[in-house]
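Novice: quick one: sequence plus predicted model below, questions after.
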Number of protein chains: 2
Amino acid sequence: MAANKPSIPKGTRDFAPEIMLRRNYIFNAIREVFQKYAYLPIETPAMENLSTLMGKYGEEGDKLLFKILNSGDWLKNIRHANVQEADAAQTAPKVSEKGLRYDLTVPFARFVVQNRNDLVFPFKRYQIQPVWRADRPQRGRYREFYQCDADVIGSTSLLNEAELVQIIDEVFEKLQLRVEVKINNRKILAGIAEYIGALNRMTDITVAIDKLDKIGIDKVKEELLQRGLSGQQIELLQPVLDLSGSFHEKIASLSNILKDSETGLKGISEIKKLFAYVDAMNVHCAYELDLTLARGLNYYTGAIFEVKALDAEMGSICGGGRYDDLTGIFGLKDMSGVGISFGADRIYDVMEQLKLFPETGEGATQLMFVNFGEKEEAYCLPFLSEIRKAGINAEIFPDAAKMKKQMNYANKRNIPFVVIAGEEEINQQKLTLKDMRKGEQLKCSIAELIQKILA
Amino acid sequence: MAANKPSIPKGTRDFAPEIMLRRNYIFNAIREVFQKYAYLPIETPAMENLSTLMGKYGEEGDKLLFKILNSGDWLKNIRHANVQEADAAQTAPKVSEKGLRYDLTVPFARFVVQNRNDLVFPFKRYQIQPVWRADRPQRGRYREFYQCDADVIGSTSLLNEAELVQIIDEVFEKLQLRVEVKINNRKILAGIAEYIGALNRMTDITVAIDKLDKIGIDKVKEELLQRGLSGQQIELLQPVLDLSGSFHEKIASLSNILKDSETGLKGISEIKKLFAYVDAMNVHCAYELDLTLARGLNYYTGAIFEVKALDAEMGSICGGGRYDDLTGIFGLKDMSGVGISFGADRIYDVMEQLKLFPETGEGATQLMFVNFGEKEEAYCLPFLSEIRKAGINAEIFPDAAKMKKQMNYANKRNIPFVVIAGEEEINQQKLTLKDMRKGEQLKCSIAELIQKILA
């Protein structure tokens, strides 16, 4: 038996009920806020054509796609090939046409282009679905994990960016997680690249700056040198990264530095407008302009966001930004969009660490009737129906098992209330309600019982 | 462009917002009822090891599994094989170790066995997740679809069966879908097989009887002959399938017919107890003993259920039954369980046909502010926040686009209320609320507006 014990693939997880209730608490909070801001749900298939996915995540990404073996005679295209010398990556397209989605962004872009005649723009959608990556599994990195994305496409208004900050604020307010939102603008970064005379090195600069938090300024400088920037250029960059003071002080200095860059000044004007919006919105969370925020993904072209938990050591738990040409990869030009993505797994870990989950998860069972046998069961069942009608999640132990077994079940399932009804209760037409946390018990009518639990 | 228009794999679907809101209406109803009956959620990975899946769904099922190509050098195990003459099915395990789940039942059995030391029994779980089958796509049959299962394992009490009927009743009551639950018991079918002297033909008999609804009695008889039953045996079977009258009349006749079959009598005793439970539960839906209900799956050993919509032509929209040895395939014996599965796609189709979806889906947007420009927007934004705080899903059009474009957006998105606030409203510190369905409009304060929408 031990040898045959079934298992699941590396990097994947089962979620037991107590974990699911907590995960759903996070998903529900995110979903409710998305909907409150008029984002509507879509779902796309787990499988996409490989032609949709390949080439969208870089060479490394292509390798990390899970590919589906063609159905039927999958060998037919390689039956006469020289398999002995074949390259696995190059041969894969001959036996596989479909792959599992790697993120929600590319499927979203594909969805928008494919359905563009049926959609009304600006199109605001949210999507909460798993994605799959054949990454080397390690602590906190899984091969199957959920993404929770909200995007609006077909509007350049900065009000969209501002509302995304409001959404971030409201989600974490709901979860009682203290966070800070870091905001920057890719046009400002482009302006800075222009200022140091390295406009064509924009990607190198963002990739390097993006690591500032993790590896520190010296390593970033090293990397910039390696990536071909001159010492002089790096020297010019330093004071920009060092800019401090209030938002307005930073903006004033920056306006001066970038006075000759049209793109840079556009970025400054955008970020001023965005901050004016957010300032007026009275959000609860901290937010600040962070000129060292770059974000690696190179489709971003405007505002970029990143959210960190204030009370825990953890990378970004939410991030996003504006992209001007995401659907361009599928042939639909001039569709500017902006979006954010919540990292549910990391949020879960932070909330677990800070003990922020409510004691009883949404959807948990609140009450159990002990089962003493046929007669008592018949007495209890109508009450059980009444309790459920009142919206209380409840059950009766299905067999007249030993009391100890039944109480053990209630305990392990973390059920806060247990009802005991034997001879005495039947004679008095009452029920005994036991509060499992306080250890107190109380003999009462069904109406009193319901009132007590709903209180 | 037309030639490059992106697409999705055959048999899969995108779900646009209006569809998703309706699907979520169904999923939420099912989820809420499951939870009310103390079933708790679990999730298992989309990918399972092929060793978990293969051989569990028959030879045909093995072919319908979507297999994942191994990562990295997937060719390594066939590089020196003679691919030219290789059989695709036999070679697949050499390039693929994982497959997508085919249903939720086998992963559930695997989950229970794998986690048996951490679970408390009876273990009641529900699971709402997609499954994948490489079936030939056709109308109403998809390669990716959701299953909604509830199972309790580790209890033989018939109260579980009775509560599953209550769950079915409550779900369809919530969805306002009139249904009939057909109930039978595999032990009765075994008794009948024994009675006609064909106990070893149990599977043939159930598979054939299961088609009675679709192909009629004559074709079933033909099939039984083909499957090796004698004309005499089929003659003996006929009056059993023809049994009519009330539950008690059927049971009386059957008790007489099966008087020499221990298994048959056990089945009769079980079904009497189950009906006694359900009779006492005052369910809304129709339910009846249907001796011709067989259900094809051969792991069922006790009660079996099937649900049909009364007002639409559609196959079974929910079904299930008791199994005594589901976890046996993974080495854990003597774990009796019983479960049901709701077919969300078919329920959707029936509800669509009968126009049972509420006009505004849960999570839909209820209100839109028209955007007239900077000044008006600044006037509206604090009101928008207040409206959202009141729990109303709302938005403001993000740009000061032409009125016609904005109203068209609201119309296409099916938003029931639009707020118009221009110079006049600003001067009077009021808002104009337009009811898009009635065509009426009303100038009012923010408090009045919120009250009207929540009414």
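Specialist: Received the coordinates, thanks. Numbering: from 1, shown residues only, chains lettered A, B, ... in the order given.
Novice: mind listing what A:Thr12 touches?
Specialist: Shown in contact with A:Thr12 (Cβ atoms under 8 Å, 6 or more residues apart in numbering or on different chains): A:Tyr142, A:Arg143, A:Glu144, B:Pro45, B:Ala46, B:Met47. From N, CA and C alone the C-beta is placed, and that goes for glycine too.
Novice: just the buried residues from those, in PyMOL please.
Specialist: Of the contacts of A:Thr12, the buried ones can be selected in PyMOL as follows, counting by 16 or more other Cβ atoms under 10 Å in any protein chain shown:
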select buried, (chain A and resi 142+143+144) or (chain B and resi 45+46+47)
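Novice: could I get the contacts of A:Thr12 as JSON lines with secondary structure and pLDDT?
Specialist: Output for the contacts of A:Thr12, formatted as JSON lines (DSSP: H, G, I helix; E, B strand; the rest coil; pLDDT from 0 to 100):
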{"residue": "A:Tyr142", "secondary structure": "coil", "pLDDT": "94"}
{"residue": "A:Arg143", "secondary structure": "coil", "pLDDT": "97"}
{"residue": "A:Glu144", "secondary structure": "strand", "pLDDT": "97"}
{"residue": "B:Pro45", "secondary structure": "coil", "pLDDT": "98"}
{"residue": "B:Ala46", "secondary structure": "coil", "pLDDT": "98"}
{"residue": "B:Met47", "secondary structure": "strand", "pLDDT": "98"}
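Novice: quick check, stretch A:254-272 touching chain B?
Specialist: No. Judged by Cβ under 8 Å from any Cβ of the partner chain, stretch A:254-272 stays clear of chain B, getting no closer than 14.1 Å.
Novice: and that stretch, which residues are buried?
Specialist: A:254, A:257-258, A:261, A:263-268, A:270-272.
Novice: what's the distance between the residue lying closest to A:Phe15 once chain neighbours are set aside and B:Pro107?
Specialist: Among residues not flanking A:Phe15 along the chain, B:Glu43 sits closest, at 4.4 Å (Cβ to Cβ, 6 or more residues apart in numbering or on different chains). Using Cβ to Cβ, to the nearest Å, one obtains 10 Å as the distance from B:Glu43 to B:Pro107.
Novice: with A:Glu270 instead?
Specialist: Taking Cβ to Cβ, one finds A:Glu270 at 48 Å from B:Pro107.
Novice: so A:Phe111 makes contact with B:Asp14?
Specialist: Yes. Shown here, A:Phe111 and B:Asp14 form a contact pair, counting by Cβ atoms under 8 Å, at 5.6 Å.
Novice: where do the contact lists of these two overlap?
Specialist: Counting by Cβ under 8 Å, 6+ apart, the shared contacts of A:Phe111 and B:Asp14 are A:Ile42, A:Thr44.
Novice: which one's more surrounded, those two?
Specialist: Neighbour totals were compared for A:Phe111 and B:Asp14, and A:Phe111 leads with 25 against 16 (other Cβ atoms under 10 Å in any protein chain shown).
Novice: give the contact list for the closest residue to A:Ser71 other than its chain neighbours.
Specialist: Closest residue to A:Ser71 apart from its sequence neighbours, by Cβ to Cβ, 6+ apart: B:Ala134 at 4.3 Å. The contact partners of B:Ala134, by Cβ under 8 Å, 6+ apart, come to A:Ser71, B:Lys63, B:Leu64, B:Leu65, B:Phe66, B:Arg143.
Novice: so A:Ile340 makes contact with A:Arg322?
Specialist: No. Assessed by Cβ under 8 Å, A:Ile340 is found out of contact with A:Arg322, at 10.5 Å.
Novice: which residues of the stretch 201-350 of chain A lie near chain B?
Specialist: So far as Cβ under 8 Å from any Cβ goes, the stretch 201-350 of chain A lies against chain B at A:Ala280, A:Met281, A:Asn282, A:Phe330, A:Gly331.
Novice: neighbour-wise, give me the winner out of the residues you listed.
Specialist: With neighbours taken as other Cβ under 10 Å, the top of these is A:Phe330, carrying 20 neighbours.
Novice: please, which helix or strand holds the residue nearest to that residue when sequence neighbours are not counted?
Specialist: The shortest distance from A:Phe330 to any non-neighbouring residue, by Cβ to Cβ, 6+ apart, is to A:Val113 (4.0 Å). Counting by DSSP states H and E, the element that carries A:Val113 is helix A:105-114.
Novice: what packs against that helix?
Specialist: When contacts are defined as 3 or more Cβ pairs under 8 Å, 6 or more residues apart in numbering or on different chains; DSSP states H and E, helix A:105-114 sits against strand A:47-49, helix A:50-53, strand A:123-132, strand A:144-153.
Novice: could you rerun that using 10 Å?
Specialist: strand A:47-49, helix A:50-53, strand A:123-132, strand A:144-153, strand A:318-323, strand A:337-342 (3 or more Cβ pairs under 10 Å, 6 or more residues apart in numbering or on different chains; DSSP states H and E).
Novice: what is the end-to-end distance of stretch A:324-340?
Specialist: Using Cα to Cα, to the nearest Å, the span of stretch A:324-340 from its first residue to its last is 15 Å.
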